[in-house]
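[1] how would this look folded up:
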Amino acid sequence: MKIGVLADIHANLPALQATLSAARTAGVERLLIAGDLVGYYYWPAECFDLLAGWPHDMVVGNHEEMLRAVVDDVSALPPIRLRYGSGINVARETLGARIAPLLARPSTTRLTIDGREVLLCHGSPSDTDQYVYPDAPESVRREMAVTGAEFVFFGHTHYPVQWQTGYTVVANPGSVGQPRDRRPGAQWLLWDTTAATMVHRREPYDIDRVVRECAARDPGNPYLAAVLTRS
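    Predicted coordinates for the structure are as follows:
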């Protein structure tokens, strides 16, 4: 089976469209999504609906937890908007009935795919908001693998990585919506369980469309556009 592993979509519709088009061409049958569908950018409802057309499993990320906070208490919104832009507010205003099923997703989930045990999380198996970067020390890499799963897929850092730690393969597909490694494009991971291969992919998309939206909606937060185009 061919699996598409995605993370940190961040409501970037053009990036998700390009990723799913490439996944379909590659013969992907199922998606694993390591959190942060929402936040930063401006098309959360459209992204949610696109994914609904695919067999998929998804966990919540820290931006879903931010959305939960503002749904519970709108006074939590101003500091979030100041730091992260208006994406969470857009999600709060436009997701409607989609909010409840999105926030009902677990923070981690265990799956069996073609006889292989998989753990899907956002930051780490024990902490949604833990950042595990490519230069993580060996002790942290071992902690990521203590679950006993053969594969651990995570996100949160927006950097692609793949490690073999004992019995366990630990991999981050990078970010569909906001890569931070100074290589523009939508990042994802193609896992072929039959061929036993994992290939990190990066798809071109209409970044200028997102940049224009950033200028219109969040002119006071230049990072949101700059991170998409820097090299």
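
[2] residues in contact with Asn62?
    When contacts are counted by C-beta atoms under 8 Å, 6 or more residues apart in numbering, Asn62 touches Gly35, Asp36, His122, Gly123, Thr128, Asp129, His156. Where C-beta positions appear, they are placed from N, C-alpha and C, glycine not excepted.

[3] my guess is Glu64 contacts Pro44. True?
    No. With contact defined as C-beta atoms under 8 Å, Glu64 does not count as touching Pro44 (10.3 Å).

[4] once you drop chain neighbours, what's closest to Thr108?
    Nearest in space to Thr108, with sequence neighbours left out and distances taken as C-beta to C-beta, 6 or more residues apart in numbering, is Cys121 at 4.4 Å.

[5] check the spatially most distant residue from the centre of the chain and give its pLDDT.
    Residue farthest from the centre of the chain, counting by C-alpha atoms, centre = their mean, is Ser75 at 26.1 Å. At Ser75 the predicted local distance difference test score is 95.

[6] what comes up buried for the longest helix along the chain?
    Selection of the longest helix in the chain by residue count, based on DSSP state H, yields helix 13-25. Within helix 13-25, the residues that qualify as buried by neighbour count (16 or more other C-beta atoms under 10 Å) are Leu13, Pro14, Ala15, Leu16, Gln17, Ala18, Thr19, Leu20, Ala22, Ala23.

[7] what's the answer for stretch 142-150, then?
    Applying a neighbour-count criterion of 16+ other C-beta under 10 Å, the buried positions in stretch 142-150 are Glu143, Met144, Ala145, Thr147, Ala149, Glu150.

[8] export those residues to a markdown table and append columns for distance to Arg110, secondary structure and pLDDT.
    Putting those into a markdown table (distance: C-beta to C-beta, whole Å; DSSP: H, G, I helix; E, B strand; the rest coil; pLDDT from 0 to 100) gives the following:
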| residue | distance to Arg110 | secondary structure | pLDDT |
| --- | --- | --- | --- |
| Glu143 | 17 | helix | 93 |
| Met144 | 15 | helix | 95 |
| Ala145 | 14 | coil | 92 |
| Thr147 | 8 | coil | 82 |
| Ala149 | 7 | coil | 95 |
| Glu150 | 11 | coil | 96 |
